[in-house]
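> fold the following, please.
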Amino acid sequence: MEDLTLLPAQLDALLTGENNTVANLSNASALLMQTLPDLNWAGFYLFDEAANDLVLGPFQGKVACMHIAPGKGVVGASFDKKQVLVVPNVHEFAGHIACDSASNSEIVAPIVVDDKIVAILDIDSPSLDRFSESDAAAITEFAAVVAKHF
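The predicted model follows:
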């Protein structure tokens with residue numbers, strides 16, 4: 001896959017000076033979709049603490065599931081485990097939620113602000129085994145930049 005090392009710096013430059021979270025998450029998902037090949041969805045699920053629910057936030061792609069419970073699917077598992085997850089084949093992931101049947105692989109990362117997960121970054125691909133461990137490192141840095149501007 002392509003070199004993603006510049007992606008966090010590009011995002012930081014894009015978001016610097018903007019304090020609106022919706023605008024920042026919208027541009028972060030757009031940057032992913034226009035920069036990374038072979039994606040069919042990139043966006044965020046925002047944690048609603050009062051409802052204990054992950055709610056659809058800004059994204060690029062087809063319509064999506066609007067609510068995901070912590071612990072459910074890849075997004076919910078990332079929330080519970082508080083870590084980046086790379087899933088080479090979502091159809092082999094126990095409890096996978098098929099929001100888009102075209103998705104075959106996925107990478108997710110928690111957005112952490114003040115030691116609390118405020119959102120999950122979710123990126124899907126129609127290809128199997130699309131995301132590597134080096135992608136996970138870059139997406140971890142990307143998520144940290146999102147958190148800085150949250």
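> C-alpha only now, for contacts and for neighbours.
Noted.
> D135 reaches L4, doesn't it?
Yes: at 7.0 Å, D135 and L4 qualify as touching, with contact defined as Cα atoms under 8 Å.
> against V145, how distant is L14?
From L14 across to V145, the span is 11 Å (Cα to Cα, to the nearest Å).
> hang on, I meant A119
A119 sits 13 Å away from V145 when distances are taken as Cα to Cα.
> do you know the pLDDT at the most centrally placed residue in the chain?
Central residue of the chain (Cα atoms, centre = their mean): L121, 1.9 Å from the mean position. On pLDDT, L121 comes in at 98.
> can I assume I123 sits in a strand?
Yes: under DSSP: H, G, I helix; E, B strand; the rest coil, I123 sits within a strand.
> what about A119 and V145, which has more around it?
In this view A119 and V145 are compared by other Cα atoms under 10 Å, and A119 has more residues nearby, 27 against 21.
> nearest residue to P70 in space, please, no chain neighbours.
Closest residue to P70 in three dimensions, ignoring its sequence neighbours and counting by Cα to Cα, 6 or more residues apart in numbering: G76, at 4.2 Å.
> hmm, V55 and the one you found touching each other?
No: contact criterion Cα under 8 Å: G76 and V55 do not qualify, at 10.9 Å.
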